[in-house]
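Trainee: okay, predicted coordinates and the sequence, questions at the end:
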Amino acid sequence: MRVLVAMSGGVDSSVAAARLIAAGHDVVGVTMKLWGGESDTGCCSVSDVDDARRVAQQLGIAHHTWTFSEDFDRHVVDPYVDAHRRGATPNPCIECNRHLKFDRLLRRAQAVGYATVATGHHARIVTHADGTRRLARGADAAKDQSYVLYVLRQAELSRTLLPVGELTKAEVRAEAETLGLRTARKPDSQDVCFITSGRGRRGFLGGRIDFRAGRVVDEAGRDVGSVDAVELVTVGQRRGLGLPGGGAPRYVVDVDAPSATVRVGPERDLLCEQVALERVVWSADRPPGASRAPIAAQCSAHGSPRSARIEPVGNDRALVRFERWERRVARGQSVVLYEGDEVIGGGVAA
């Protein structure tokens, strides 16, 4: 099989390529150059591209660099900035998977004769008896990336391979060491690729939007503090709100960007019994019916799943009702729905 491997310059995609070669596939590596600006914390730096190229040389395969910076700006960076302007909390890595890695890359791969694309994500693809595919959690619970891949549907799952999903991270590094790959001990990328460690989120957004000072009010609407940039505040935040010391902790429970108002309250005010989702993606071709048995709703990349029931509303909206009161999900964050270890869908908190 001819397989195009997305090589980020990290150890996981390096081992993914090596395993496919060992399995007898015709493999070519490609690194996507997405962010055209300064980068030192993600997977788009010059050193990452160089690492991917050198690993490809070690493995004896061709390597290409494809630039999708305009698509990345349009589908990831611009919406990231706009979400903060509106008081939402975006997840750019999910949008990158949705629009770049499993859309733009797949289309470009097919255009040059590669029907199948592989990545180094820690997740698995399982096939049911009826031929339906589902994304499933990776073998290493601590490194599982199924949350950020929930946007994959049948069309994408049928053309994707995840060669390291059955391995733990320790096993991946051991294979890389055995093969002598230069990325064997390379640290994992943890941060958003276009946010540098020096400037941070404030520095990045400050060059693109005008920050507005905001009022901080309590549950009765009384002024209790202030923030210098309402665009940087998110639900659940506790620090940086200009609140006086002493007393019980207070948390952000709502951000009203149009009025530049942040509402705070005790931790109990963060609890809710449901969350409405928009831009919902279902793993199968059509949404399931309302769930009678609880499913698991995961509300952050490394959060604990919450027992819930789902009520689809049309094709692209759903209501998730928690089995017990749970901490509120910030608008713009994704909620991913699981049956056991398998993803059945997910969407963005409205």
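Mentor: That came through fine.
Trainee: okay, buried residues for the lengthiest helix in the chain please.
Mentor: Longest helix in the chain, counting residues (DSSP state H): helix 46-59. By 16 or more other Cβ atoms under 10 Å, the buried positions in helix 46-59 come out as 48-49, 51-56, 59. Heads up, the C-betas are built off the backbone N, CA and C, glycines and all.
Trainee: any idea which helix or strand comes after that helix?
Mentor: The helix or strand immediately downstream of helix 46-59 is strand 63-67, counting by DSSP states H and E.
Trainee: what about the closest residue to Trp282 other than its chain neighbours, neighbour count?
Mentor: Distances taken as Cβ to Cβ, 6 or more residues apart in numbering put Gly345 closest to Trp282, at 4.2 Å, once the chain neighbours are dropped. Close neighbours of Gly345, defined as other Cβ atoms under 10 Å, add up to 24.
Trainee: CA atoms of the helix or strand encompassing Gly345 as CSV?
Mentor: Per DSSP H and E: Gly345 is located in strand 342-349. These are the backbone C-alpha positions of strand 342-349, laid out as CSV (Å, rounded to 0.1, in the frame of the first residue of the first chain):
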residue,chain,number,x,y,z
GLU,A,342,-14.8,4.4,21.3
VAL,A,343,-15.7,7.9,20.2
ILE,A,344,-19.2,8.3,18.9
GLY,A,345,-19.1,12.0,18.3
GLY,A,346,-18.4,15.4,19.8
GLY,A,347,-19.0,19.1,19.4
VAL,A,348,-18.3,22.6,20.7
ALA,A,349,-19.9,24.1,23.8
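Trainee: what's it packed up against?
Mentor: strand 133-137, strand 271-282, strand 317-327, strand 334-339 (3 or more Cβ pairs under 8 Å, 6 or more residues apart in numbering; DSSP states H and E).
Trainee: wait, the residue nearest to Trp282 sits on Asp316?
Mentor: No: in this structure, Gly345 is not within contact of Asp316 by Cβ atoms under 8 Å, at 10.2 Å.
Trainee: which neighbours do the two share?
Mentor: Here Gly345 and Asp316 share the contacting residues 280-281, scored by Cβ atoms under 8 Å, 6 or more residues apart in numbering.
Trainee: and stretch 16-33, what's buried?
Mentor: 16-21, 25, 27-32.
Trainee: and the end-to-end length of that stretch?
Mentor: 19 Å (Cα to Cα, to the nearest Å).
Trainee: state the number of residues packed around Trp35.
Mentor: Count around Trp35 with other Cβ under 10 Å applied: 22.
Trainee: do the one 3 residues further on as well
Mentor: Other residues within reach of Glu38, judged by other Cβ under 10 Å, total 13.
Trainee: SS state for it?
Mentor: At Glu38 the chain is in coil, as set by DSSP: H, G, I helix; E, B strand; the rest coil.
Trainee: just to be sure, Asp82 is in a strand?
Mentor: No: Asp82: not assigned to a strand; according to three-state DSSP it is helix.
Trainee: before we move on, back to that, and of the helices and strands packed on strand 342-349, who's closest to Asp82?
Mentor: strand 271-282 (14.5 Å; Cβ to Cβ).
Trainee: the stretch 151-300 of the chain: strands as residue ranges?
Mentor: Ranges of strands within the stretch 151-300 of the chain are 160-161, 214-217, 223-227, 251-256, 261-265, 271-282, 295-298, based on DSSP state E, counting those that start in this stretch.
Trainee: for the longest one, packing partners?
Mentor: Looking back up the chat, that one is strand 271-282. Looks like strand 271-282 contacts strand 317-327, strand 342-349 (3+ Cβ pairs under 8 Å, 6+ apart).
Trainee: what's the first one in contact with?
Mentor: Where contact means Cβ under 8 Å, 6+ apart, the residues beyond strand 317-327 that reach it are 236, 270-278, 280, 287, 294, 297, 299, 306-313, 335, 337, 345, 347, 350.
Trainee: got a list of what Arg173 touches?
Mentor: 11, 184-185.
Trainee: again, 10 Å this time
Mentor: 11-12, 15, 167, 181, 183-186 (Cβ atoms under 10 Å, 6 or more residues apart in numbering).
Trainee: got a winner among the residues you listed for most neighbours?
Mentor: Counting neighbours by other Cβ under 10 Å, Asp12 leads the contacts of Arg173 with 28 neighbours.
Trainee: relative to Val55, how far out is it?
Mentor: Distance check for Asp12 against Val55: by Cβ to Cβ, to the nearest Å, it reads 11 Å.
Trainee: overlap in contacts, those two.
Mentor: Residues touching both Asp12 and Val55 by Cβ under 10 Å, 6+ apart: 176, 183, 186.
Trainee: just the pLDDT for the last one.
Mentor: So that's Lys186. Lys186 is assigned a pLDDT of 91 by the prediction.
Trainee: just checking, it touches Val15?
Mentor: No: Lys186 lies out of contact with Val15 (Cβ atoms under 10 Å); the separation is 11.5 Å.
Trainee: hey, what's in contact with both of the two?
Mentor: With Cβ under 10 Å, 6+ apart, Lys186 and Val15 have common neighbours 55, 173, 176.
Trainee: now the last one. Nearest residue, chain neighbours left out?
Mentor: To tie it back to what came earlier, the one meant is Ala176. Spatial nearest neighbour of Ala176, chain neighbours left out: Ala184 (3.6 Å); criterion: Cβ to Cβ, 6+ apart.
Trainee: tell me the phi and psi of the one you found?
Mentor: phi -50, psi -40 (degrees, to the nearest 10).
Trainee: just to revisit the earlier point, just send the strands of the stretch 151-300 of the chain back as CSV, with distance to Thr65 too.
Mentor: Formatted as CSV, the strands of the stretch 151-300 of the chain follow (distance: least, Cβ to Cβ, whole Å):
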stretch, distance to Thr65
strand 160-161, 21
strand 214-217, 42
strand 223-227, 41
strand 251-256, 39
strand 261-265, 43
strand 271-282, 29
strand 295-298, 34
